[in-house]
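Q: Here's my sequence, what's the structure:
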Amino acid sequence: MSKTIIVSNRLPVRIEKSGSQYEFKSSEGGLATGLGSIYKEGNNIWIGWPGASFKDNKIKEEITAGLKKESMKPVFLTDQEVEEYYLGFSNQTLWPAYHYFVQYIQYNEKHWKAYQKVNRKFARVISENIEPGDIVWLHDYQLLLVAQMLREDHPDITIGFFQHIPFPSYEVFRMIPWRRELLRGMLGADFLGFHTYDDMRHFLSSVHRLVGYNYNRNEIQMEDRLVVVDSLPMGIDYDKFADNVTTEATEERVKRYSESLGKQRLILSMDRLDYSKGIPRRLKAFELFLEDNPDYHEKVSLLLIVVPSRDEVPSYQQLKENVDELVGKINSKYGRIAWSPIHYFYRSYPFDALSAFYRMCDVAMITPMRDGMNLVCKEYIASRHEKDGVLILSEMAGSAKELSDALLVNPNDIPGMAKTLKRALDMPKDEQKRHIEVMQESVKKYNIFSWVELFISNLERVKQKQRLLATHLLTENESTELTDTYKKSEKRLLFLDYDGTLVPFHNDPLACKPDDELLLILTKLAADPRNTVTVISGRKADTLGEWLEGLGIQLVAEHGIWTKSAGNEWQLNEEMASDEWKEEARNIINFYVDRTPGSFLEEKRHALVWHYRKVEKGLGELRSSELGSHLKHFMEQKQLQVLYGNHVVEVKPNAVNKGKVALARYQKIKPDFTLALGDDRTDEDIFEMLPASAYTIRIGRGASHARFTLDDPTEVRKLLRSLIEATGR
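A: From the prediction side, this is the model:
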């Protein structure tokens, strides 16, 4: 039976020694909280670091055996690996970069090598536990290289990856020296998930501009695979929190804590110690609130819970000192004998205690500077069993996209947060109820179980689509079958791309004139009255007409904008829009022509094409990515599309494409034999539009909607000659 292998940096347990035995205790963290509800189902396993280093092999064996009973497999790391891979590269390079704290980023080659080494170690442990049909689900920024490492040894494996922290903009991400290696590592996965659309968009932009892969909506077409990216905000185990808030254990804690804390209304602030959480600014906002609202003195207190994290890192030590100083300053300035403005606890708490805090606090103030999702706010919402309470939430948290009924604040706006806190404390009960009910409905619906189900179902759909797009070289038997079908048919329709299909590419586009052999092949095919032969190309109408007119074939130029039947004049497609867009697009493309020696602009009547066949390899790919991104931004609100061909970037109206033209002709002619040959992305529209019975052939290897592939134009001509010979013409 196949299983799901969950992989994260840390296992969802802490290992503690009790006497001579080792005990496994649940650990804190959004991932452990979220997936802890499902990973023990069936024969699923969780692979990760157990949280401590062990040198003795007997102890390692004992821990491995104990973890096996918990459906876990350990990846043992040395103290040095933890120092360099985890505390170093993961948390001093990736974490600050991904959260936009560029002032904290460290670039250390030694840390990078340790990161590679540990990712390889994870990949090795996964490989030892993989069986046919298994799904590997990788989690988060510590393991960005693992997917590609696994793919190298297991080409057909199903791999999903989810990133739980933000993905930064291209301008920030490109600061990392090893950015391309990180992206290629991630692209080893079949399906990649992010919490928000913004994260997904930033990732796609970086992929396009740094490693040169084009994308269509949320699909990345690589050389051999389709990779899909999507935004899937993570949920919580709603019922677990909703039910626990009324248990006897929680009731007892509420009673005990209330006696200790007094009758003041409570504001909850609960985070892991991290500079991304915005704790100092939140404290300053609370201080300003007390200054502006003296009537709330002795009536309200801030319950500040900070969970220890990364104490060894200097920036975190400095943050802890800053928080301590601010708390001391505020309490000494505003405190009374019987009232502490801030109740500050630097520790973690068990589940029952968290439920008690969620229940007791009238307001939850969750204001991170940046956060991938933030599950604390969802846990607070789920725990409000009396349908009251107010959530103040940073608009920089991923959860703000879902919880729009919260009071959203900018965490950099200290006066704004102070005013929002006053509004929250003054909010009438009926308004509280209205907002809480809406958010509870959302959090309950999009819970951890629906998130897991959605991720896995999306991953399975991607694998299914990959199988549909998988092509294979046209075999001799299949070629014979194709020829026999052609011979027996009475109404045939042939679609033939030009560049890269009928003729090889050339650095000079005008040097691709048809030779005598090609002209003879096309003439003979067109001479058969059962054939309708269409050369369908991105070429200019004038060029295509000059080269191929008089052969008895139909011509389609500029990807469907112009059409020409044998003996007739060129006809403009009726769906064509205005050309007012061309002037601005021309200026954009000329900007890249000026910056890229060897490139040039080709102007068609209703399209613009940037050619870079003569550009130095590497530079051309870089500039094409930049130009494509620039044009996509320009195209917003315009009915245009960008097409990426072989060493060309073309912008044209989206009302027409090769596929629409091909389908219209197919429906008009109703052939009993259809053949379509093409080599690039523009031809995929034809392959996708035609019925499954059509013989669709991609020229060159790679994922495609075509049924078959041929290697090059030489093989194409060989196939076309065999069709001519089969009918004796």
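
Q: among the helices and strands of this structure, which one scores worst on average pLDDT?
A: Ranked by mean pLDDT, DSSP states H and E, the weakest helix or strand in the chain is helix 30-35, scoring a mean of 63.

Q: Only the C-alpha atoms, please, for stretch 555-564, written as CSV.
A: Only the C-alpha atoms of stretch 555-564 are listed here, as CSV (Å, rounded to 0.1, in the frame of the first residue of the first chain):
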residue,chain,number,x,y,z
LEU,A,555,-0.9,29.7,-45.7
VAL,A,556,-1.5,31.0,-42.2
ALA,A,557,0.9,33.8,-41.1
GLU,A,558,1.6,35.6,-37.8
HIS,A,559,0.1,32.8,-35.7
GLY,A,560,-3.3,33.1,-37.3
ILE,A,561,-3.6,36.9,-37.9
TRP,A,562,-3.4,36.4,-41.7
THR,A,563,-4.7,33.6,-43.8
LYS,A,564,-4.4,32.8,-47.6
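
Q: Assign the closest residue to T250 other than its chain neighbours to helix, strand or coil.
A: Counting by Cβ to Cβ, 6 or more residues apart in numbering, T250 lies nearest to S355, which is 4.5 Å off, once chain neighbours are set aside. For every residue, glycine as well, the C-beta is placed using N, CA and C. With DSSP: H, G, I helix; E, B strand; the rest coil as the basis, S355 sits in helix.

Q: Pretty sure S355 sits against A242.
A: No - contact criterion Cβ atoms under 8 Å: S355 and A242 do not qualify, at 9.7 Å.

Q: neighbour-wise, which of these two wins?
A: Taking other Cβ atoms under 10 Å, S355 and A242 do not tie; S355 has more neighbours (28 against 20).

Q: Can you tell me how far the more buried one is from L261?
A: 16 Å (Cβ to Cβ, to the nearest Å).

Q: returning to what we had before: what do S355 and A242 both touch?
A: Contact with both S355 and A242 is made by residues S383, according to Cβ atoms under 8 Å, 6 or more residues apart in numbering.

Q: what about this protein, any weak spots by pLDDT?
A: Applying pLDDT under 70 to the chain picks out residues 19-20, 27-34, 36-38, 575-578, 636-637, 729.

Q: Now do the domain split for it, please.
A: Domain assignment for the chain, taken from the TED database, gives 4-231, 238-446, 472-575+656-727, 579-653.

Q: roughly how far out does the last one sit from the chain middle?
A: To tie it back to what came earlier, the one meant is domain 579-653. Distance, stretch centre to chain centre, for domain 579-653: 26 Å (Cα atoms, centre = their mean, to the nearest Å).

Q: now the end-to-end length of that domain.
A: Counting by Cα to Cα, to the nearest Å, you get 9 Å between the two ends of domain 579-653.

Q: do the same with the longest one
A: One end of domain 4-231 to the other measures 21 Å (Cα to Cα).

Q: re earlier: show me the one of the domains of the chain that comes nearest I456.
A: Checking those against I456 by Cβ to Cβ gives domain 4-231 as the closest, at 6.9 Å.

Q: And the closest one, how far out from the chain middle?
A: With Cα atoms, centre = their mean, you get 15 Å for domain 4-231.

Q: cool, stretch 709-726 as well?
A: Counting by Cα atoms, centre = their mean, stretch 709-726 comes out at 40 Å from the chain centroid.

Q: Begin at 7 from now on, thanks
A: Happy to do that; since the first residue is 7 now, the last one works out to stretch 715-732.

Q: For that stretch, give me every contacting residue.
A: 477-480, 485, 488-490, 492-493, 506-510, 523-524, 527, 530-531, 683, 703-708.

Q: Now do the buried residues in it.
A: 715-716, 719, 721-723, 725-726, 729-730, 732 (16 or more other Cβ atoms under 10 Å).

Q: Backbone dihedrals for the residue nearest to L578 when sequence neighbours are not counted, both of them.
A: Leaving aside its chain neighbours, L578 sits nearest to W568 (6.3 Å; criterion: Cβ to Cβ, 6+ apart). With angles defined as degrees, to the nearest 10, W568 sits at phi -120, psi 140.
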